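Participant: Any chance you can model this:
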Amino acid sequence: MLGKNIIIGLIIIALILPVLSCGSNAGPTAMSLEYNGNKSEFSTNIYSYYLSHTKTRWLMDFINMYMPGTSIENMSDLPIWEDEELDAEVKAEAERAMMNMLAIAAYCKENNLALSSDQRNNIELFVREVIDQVYGRSRTSFNNVLARFHINDEIFREIKRYELMAGLVHRHLFDEDTGSRPVQRDDILAVYEPNFVRFKHIVIITQSSERGVDGEIIEYTDEQLAEIKSGAQDIYDQIIASGNDEELFAQLMAEHSADQMIPQGYTISEAMGLDVNLTQALFDLRIGGVSMVELEGSIHIMQRYELLDPEETPDLSNPTSSVAQSLARTFQQLILFDELSPYIENIVINTEETSQFSTRTSDTMFDIWFWLE
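Facilitator: Sure thing, here's the model as predicted:
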């Protein structure tokens, strides 16, 4: 019996060693790219790593959205991975990330873009610091953790090198001084000026928020609702009678609006997904014009203003950025897609190998996420 166990153990080791040693491409090829005589490929090692990485991020998003407070220990036990469609979707996302990274690696090779010695040294220092501080200076302990994702420390270093290459491509394309395709201010203005409007509005709420002892909303009576709408009409009539005076609008907004907005008002585009009637009314207004739109639960009296500089205009869908920054990123994504498309179109996925991996059986990375990200 002991001899049989030893033989089984040797077989298992033989199966593991090609994956965990002899460089990052020791395992079978998961995807490959041939372009202009150059060939690049990613092994199943890297495929396994990114499938686990994507699964972990999806789980974290799922927990944060639907099950806040769930302990990390229980996260990997959620039964959501039994869904074949979800499994396929997560695998597809992991593959897209890998395809982009492989295309970036090929692009760097074609354009002679290479990581600096400092960048490579920083990866080495980072890995050494993780091994020293997290794993008690034990490379074996570090590799035991990485083995869960079918990689070792050398493959991990290579993955980090590939990830850093995205910065090389970004600078090569978009650097203001040396980039081959930098986003110009005129490009941003050409999209900004016809597709955005700035406005302020007086919001009158027409839906009660008062609740009875049973917790049910106490609806306004017809008389109460008529009085609210009459008040809104009176405000609108005052503004129109004044010739759409901006000072009067600001005064009435301060006195009556349920939404005390940021001083410069809101700047929106049609793509932001606001109510279609409200959006259409705003785009139909001339600068200085006033319109009143009734929605379910509210009445909006709106005045349109000239656009501010896009650099000074907050992006409502991304509060940490200006509209100009968000538009620049959108342009960059489109340009990057255009540059990488010829490479991505030539990538071949070895489905015979990748089909052996599933989201359900991939391990999670919660215990190491803090130093991966």
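
Participant: does P194 count as helix, strand or coil?
Facilitator: Under DSSP: H, G, I helix; E, B strand; the rest coil, the three-state class of P194 is helix.

Participant: So it versus L307, what's the distance?
Facilitator: 10 Å (Cβ to Cβ, to the nearest Å). Every C-beta, even on glycine, is put in place using the N, C-alpha and C of the backbone.

Participant: So between those two, which is more surrounded?
Facilitator: Neighbours were counted for P194 and for L307 using other Cβ atoms under 10 Å; L307 has more, 16 against 10.

Participant: Nearest spatial neighbour of the more buried one, chain-adjacent residues omitted?
Facilitator: With sequence-adjacent residues excluded and distances taken as Cβ to Cβ, 6 or more residues apart in numbering, L307 is closest to R198, at 5.3 Å.

Participant: which residues does that neighbour bridge with?
Facilitator: Bridge pairing for R198 (DSSP bridges) gives the partners T267, Y305.

Participant: do the same with the one 4 residues further on
Facilitator: For I202, the residues forming beta bridges with it (DSSP bridges) are I301.

Participant: If I follow the layout properly, it ends up in contact with V293?
Facilitator: No: at 11.3 Å, I202 does not count as touching V293 under the criterion of Cβ atoms under 8 Å.

Participant: Now do the shared contacts for the two.
Facilitator: Counting by Cβ atoms under 8 Å, 6 or more residues apart in numbering, the shared contacts of I202 and V293 are H300, M302.

Participant: So between those two, which is more surrounded?
Facilitator: I202 (25 against 17).

Participant: Would you mind measuring from the more buried one to D245?
Facilitator: Plainly put, I202 is 14 Å away from D245 if you go by Cβ to Cβ.

Participant: How about D259?
Facilitator: Using Cβ to Cβ, D259 is found at 20 Å from D245.

Participant: Mind checking which of these two has more residues around it?
Facilitator: The residue with more neighbours, out of D259 and D245, is D245; 17 against 14, by other Cβ under 10 Å.

Participant: Let me see the contact set for that one.
Facilitator: By Cβ under 8 Å, 6+ apart, the residues touching D245 are I239.

Participant: mind checking how far it is from V203?
Facilitator: Taking Cβ to Cβ as the measure, D245 falls 19 Å from V203.

Participant: ditto for G212
Facilitator: G212 is 25 Å from V203, where distance means Cβ to Cβ.

Participant: again, but for L102
Facilitator: Taken as Cβ to Cβ, the span from L102 to V203 is 50 Å.

Participant: So which of those two has more stuff around it?
Facilitator: Neighbours were counted for L102 and for V203 using other Cβ under 10 Å; L102 has more, 23 against 19.

Participant: Name the secondary structure element that contains the more buried one.
Facilitator: Assigned by DSSP states H and E, L102 belongs to helix 84-110.

Participant: Which residues outside the next helix-or-strand element following that helix are in contact with it?
Facilitator: Per DSSP H and E, the first helix or strand lying C-terminal to helix 84-110 is helix 117-134. By Cβ under 8 Å, 6+ apart, the residues outside helix 117-134 that reach it are R137, S138, R139, F142, D153, F156, R157, K160, R161, L164, W371.

Participant: What's the local residue count around the residue nearest to L307?
Facilitator: For R198, the neighbour count with other Cβ under 10 Å is 18.

Participant: G288 too?
Facilitator: 14.

Participant: Check which helix or strand it maps to.
Facilitator: Using DSSP H and E, G288 falls outside every helix and strand.

Participant: got a list of what it touches?
Facilitator: Contact analysis of G288 by Cβ under 8 Å, 6+ apart lists N244, E246, Q303, R304, Y305.

Participant: before we move on, the earlier item: help me confirm that the residue nearest to L307 comes into contact with D309.
Facilitator: No: if you go by Cβ under 8 Å, R198 and D309 don't touch, sitting 11.2 Å apart.

Participant: tell me the mean pLDDT for the helix holding L102?
Facilitator: Here helix 84-110 scores 93 as its mean pLDDT.

Participant: by contact count, what packs against that helix?
Facilitator: Where contact means 3 or more Cβ pairs under 8 Å, 6 or more residues apart in numbering; DSSP states H and E, helix 84-110 is packed against strand 29-35, strand 38-43, helix 44-66, helix 153-174, helix 323-344, strand 347-349.

Participant: Show me which positions of it end up buried.
Facilitator: 87, 90-91, 93-95, 98-109 (16 or more other Cβ atoms under 10 Å).

Participant: Same question for stretch 125-135.
Facilitator: Of the residues in stretch 125-135, those buried (16+ other Cβ under 10 Å) are V127, V130, I131, V134.

Participant: Name the spans of the chain whose pLDDT lies under the cut-off.
Facilitator: 1-26, 69-81 (pLDDT under 70).

Participant: distance of L33 from S48?
Facilitator: Separation of L33 from S48 (Cβ to Cβ) stands at 19 Å.

Participant: Narrow the contacts of G288 to those that are buried.
Facilitator: The buried subset of the contacts of G288 - by 16+ other Cβ under 10 Å - is N244, Q303, R304, Y305.

Participant: Give the other helices and strands that whichever helix or strand the second one is part of contacts.
Facilitator: If I follow you right, that is Q303. Assigned by DSSP H and E, Q303 belongs to strand 298-305. Where contact means 3+ Cβ pairs under 8 Å, 6+ apart, strand 298-305 is packed against strand 196-205, helix 222-241, helix 276-284, strand 290-295.

Participant: would TSV of those with distance to L189 be doable?
Facilitator: Formatted as TSV, the helices and strands packed on strand 298-305 follow (distance: least, Cβ to Cβ, whole Å):
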stretch	distance to L189
strand 196-205	10
helix 222-241	31
helix 276-284	18
strand 290-295	26
